[in-house]
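> could you work out the structure for the sequence below:
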Amino acid sequence: MELLEGRDVPLGRYSVVRRTLPNKVRRTVGAWCFLDHFGPEEVTGKPGMRVPPHPHIGLQTVSWLFDGEIRHRDSLGSDELIRPGQLNIMTSGRGIAHSEDSPGEKPPLLHGLQLWVALPDAARWQEPRFEHLADLPRAEVPGVRMTVAVGSLGGVTSPAVMHSALVGAELAVDARTPADIAIDPAFEHGVVVTDGAARVDGLDVPPGSLLHLPEGRASLRFEGSARLFLIGGVPLDEDLVMWWNFVARSHEEIVAARDEWEAGSSRFAVVPGGQEPLPAPALPTTRLLPRPRFR
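Numbers count the residues shown, from 1 in each chain. A predicted model of the protein is given here:
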């Protein structure tokens with residue numbers, strides 16, 4: 001087991017998030033390659049989330065809320081409000097653009113996760129698509145309630161369309177005595193605590209960190225009272241080039257995507273809503289290199 005510390009990162013003009021993936025020592029958990037934890041934040045009288053139109057390639061975005069509402073709009077014409085316990089999943093494929101904003105009439109708290117899944121090489125040039133899943137499967141064992149966003153857990157399976165073997169689930173733990181859930185031993189897993197205090201396989205996991213567990217485990221043991229999110233998957237055997245909002249395999253792919261975004265190419269198209277798109281940052285002066293899943 002390995003406890004990975006997160007870091008605070010500004011998001012847009014108004015928010016700061018806690019980023020646990022990619023981490024300086026471990027870049028992926030299965031194909032999960034990005035995990036931001038935002039909130040809980042009191043947003044009454046504040047803008048809340050304001051992320052203007054921006055592009056993605058080579059990944060799936062997985063948006064998950066514990067509190068609040070977020071409006072998703074994208075260059076396919078999707079316009080969807082996500083609420084707690086629902087799933088927004090956007091497959092960028094060869095290229096898509098989207099925005100994420102708190103609605104005008106919004107609940108007082110905003111709290112959630114933004115995750116990315118790296119698309120395997122065989123799937124990353126597909127046409128983009130968007131899914132909103134409002135009714136997700138739930139399961140329960142003594143001491144743990146599960147809402148399964150992605151993959152299978154607790155005998156139930158999410159309908160979300162993925163392109164590699166993965167699991168992603170919210171866990172509500174209220175275990176005065178140790179509670180066990182069965183997991184796939186072929187997967188590596190990560191656990192992030194979003195509220196409360198929990199021990200996972202005998203280790204305290206503080207909020208703001210990610211516990212990594214290598215493959216080979218058939219179960220996980222939880223103690224305490226907390227809300228957690230579990231991610232996992234078969235270890236990714238492809239080296240990635242991750243820069244800004246792009247997941248690629250080479251420096252040249254990143255440069256081409258950046259140039260097309262800045263030029264207003266039809267590869268990304270226009271996001272409805274009239275917001276000014278987010279300009280791409282300058283590329284680094286050194287060549288971007290593919291990186292393995294851990295150092």
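
> residues in contact with the closest residue to residue 187 other than its chain neighbours?
Residue nearest to residue 187 in three dimensions, not counting chain neighbours: residue 232, with 4.1 Å by C-beta to C-beta, 6 or more residues apart in numbering. The way it works is simple: take the backbone N, C-alpha and C, and place the C-beta from them, glycine included. Shown in contact with residue 232 (C-beta atoms under 8 Å, 6 or more residues apart in numbering): 29-30, 32, 151, 166-168, 183-184, 187-190.

> any chance of a PyMOL selection covering the buried ones in those residues?
The buried residues among the contacts of residue 232 can be selected in PyMOL (16 or more other C-beta atoms under 10 Å) with this line:
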select buried, resi 29+30+32+151+166+167+168+183+184+187+188+189+190
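
> in strands, which of the contacts of residue 232 fall?
Among the contacts of residue 232, the members falling in strands (DSSP state E) are 32, 166, 167, 168, 188, 189, 190.

> what segments of the stretch 101-250 of the chain are strands?
According to DSSP state E, counting those that start in this stretch, the stretch 101-250 of the chain carries its strands in the segments 109-118, 129-133, 138-141, 144-150, 152-153, 156-157, 166-182, 188-200, 203-205, 209-213, 219-233, 241-243, 246-248.

> and the fourth one, what's buried?
Yep, that's strand 144-150 we're talking about. The neighbour-count check on strand 144-150 (16+ other C-beta under 10 Å) flags 144, 146, 147, 148, 149, 150 as buried.

> before we move on, the earlier item: so which of the strands of the stretch 101-250 of the chain comes closest to residue 20?
Closest approach to residue 20 among the strands of the stretch 101-250 of the chain (C-beta to C-beta): strand 209-213, 3.9 Å.

> now do the closest one against strand 188-200, angle only.
Following axes from the mean of the first three to the mean of the last three C-alpha atoms, to 10 degrees, one obtains 120 degrees for the angle between strand 209-213 and strand 188-200.

> ok, back up a step: of the ones in strands among the contacts of residue 232, closest to residue 292?
Closest to residue 292 out of the ones in strands among the contacts of residue 232 is residue 188 (13.8 Å), distances taken as C-beta to C-beta.

> next one: phi and psi at residue 257?
Main-chain torsions, residue 257, degrees, to the nearest 10: phi -60, psi -40.

> ok, the one 4 residues further on next?
Recorded main-chain torsions at residue 261 are phi -60, psi -50, according to degrees, to the nearest 10.

> nearest spatial neighbour of it, skipping sequence neighbours?
The shortest distance from residue 261 to any non-neighbouring residue, by C-beta to C-beta, 6+ apart, is to residue 55 (4.6 Å).

> next one: residue 154
residue 139 (2.9 Å).

> surely that neighbour meets residue 148?
Yes: in terms of C-beta atoms under 8 Å, residue 139 counts as a neighbour of residue 148; the distance is 6.9 Å.

> list the contacts for the residue nearest to residue 95 when sequence neighbours are not counted?
Nearest non-adjacent residue to residue 95, counting by C-beta to C-beta, 6+ apart: residue 267, 4.2 Å away. Shown in contact with residue 267 (C-beta under 8 Å, 6+ apart): 94, 95, 257, 260, 261.
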